[in-house]
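J.: below is the structure, and that's it, no one-letter string:
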């Protein structure tokens with residue numbers, strides 16, 4: 001008589017399975033912040049590259065015309081339109097200039113996004129409602145000068161002013177000490193709203209395409225900061241990178257400026273010709 005022995009099959013018990021799942025969840029939870037940090041570091045580098053490309057394009061425009069573009073040109077076309085040929089966007093540039101104005105440009109062309117104008121920490125290239133119809137928005141603005149409010153008749157201390165032509169020779173404080181373009185503050189919840197987040201091609205809404213820095217226009221410290229100026233649509237710089245706002249300077253360098261930087265230092269960095277010593281920041 002033969003005795004049969006049944007092989008014991010090994011398997012997870014329910015408790016063991018739950019323990020394994022719990023361990024995996026803990027490991028994922030530990031890794032997630034690191035993954036997010038890596039993603040944000042990559043986004044920040046991409047934003048730096050965007051600013052670098054805009055700096056090169058603005059210098060290309062300056063080499064061609066002997067001056068920087070105004071914040072708003074003829075037909076309410078913004079500075080972002082005028083540098084399109086230097087961002088390898090000749091067809092889109094031609095479409096705007098053939099139409100002769102922002103309003104006359106077709107909705108299709110007004111709604112064509114240029115990736116360089118978007119910070120990946122904030123959003124992907126997109127089209128949102130804007131003044132005079134739909135348009136492609138953007139996350140960067142020109143240095144319009146120091147102060148807190150738009151005054152198209154007197155404001156001339158920035159690099160891309162609205163009523164005067166500015167040349168590199170006019171940047172008396174030194175090109176490495178003067179903002180050229182920076183990340184503009186768009187309050188969370190105001191995406192696509194007229195005046196708050198208008199088309200980057202539309203020069204009709206001046207604070208949308210140019211921003212100030214200084215007294216009354218500090219850098220935004222959080223994505224939902226209220227606008228820090230006395231106008232309905234705001235005019236300060238700000239980013240979605242924690243603790244910093246990035247700028248391309250007139251020499252083409254890109255630097256991150258701490259959002260805690262004091263108003264007087266910001267004023268000096270925004271003013272191209274005050275001849276004041278800028279402290280460490």
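T.: Arrived safely, thanks for sending. Quick caveat: nothing in here was measured; it's all calculated off a predicted structure.
J.: when you work out contacts or count neighbours from here on, use the C-alpha atoms and nothing else.
T.: Noted.
J.: and the helices in the stretch 1-150 of the chain?
T.: Taking DSSP state H, counting those that start in this stretch, the helices of the stretch 1-150 of the chain run over residues 14-65, 79-82, 90-99, 107-110.
J.: let me have these in JSON lines, extended by mean pLDDT, mean neighbour count and distance to residue 238.
T.: Converted to JSON lines, the helices of the stretch 1-150 of the chain look like this (pLDDT from 0 to 100; neighbours: other CA atoms under 10 Å; distance: least, CA to CA, whole Å):
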{"stretch": "helix 14-65", "mean pLDDT": "86", "mean neighbour count": "15", "distance to residue 238": "13"}
{"stretch": "helix 79-82", "mean pLDDT": "96", "mean neighbour count": "24", "distance to residue 238": "18"}
{"stretch": "helix 90-99", "mean pLDDT": "95", "mean neighbour count": "16", "distance to residue 238": "28"}
{"stretch": "helix 107-110", "mean pLDDT": "91", "mean neighbour count": "16", "distance to residue 238": "25"}
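J.: of all these, which lies closest to residue 210?
T.: Ranking the helices of the stretch 1-150 of the chain by proximity to residue 210 (CA to CA) places helix 79-82 first, at 9.2 Å.
J.: list the contacts of the closest one.
T.: Helix 79-82 is contacted from outside by 61, 69-73, 93, 96, 142, 200-201, 203, 209, using CA atoms under 8 Å, 6 or more residues apart in numbering.
J.: which residues sit in contact with residue 237?
T.: Residues in contact with residue 237 (CA under 8 Å, 6+ apart) are 141, 182-185, 211-213, 217-220, 245.
J.: and the strands in this protein?
T.: 127-130, 133-136, 140-146, 179-183, 210-213, 244-249, 254-258 (DSSP state E).
J.: quick revisit: adding distance to residue 194, write the helices of the stretch 1-150 of the chain out as JSON lines.
T.: Formatted as JSON lines, the helices of the stretch 1-150 of the chain follow (distance: least, CA to CA, whole Å):
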{"stretch": "helix 14-65", "distance to residue 194": "24"}
{"stretch": "helix 79-82", "distance to residue 194": "18"}
{"stretch": "helix 90-99", "distance to residue 194": "21"}
{"stretch": "helix 107-110", "distance to residue 194": "15"}
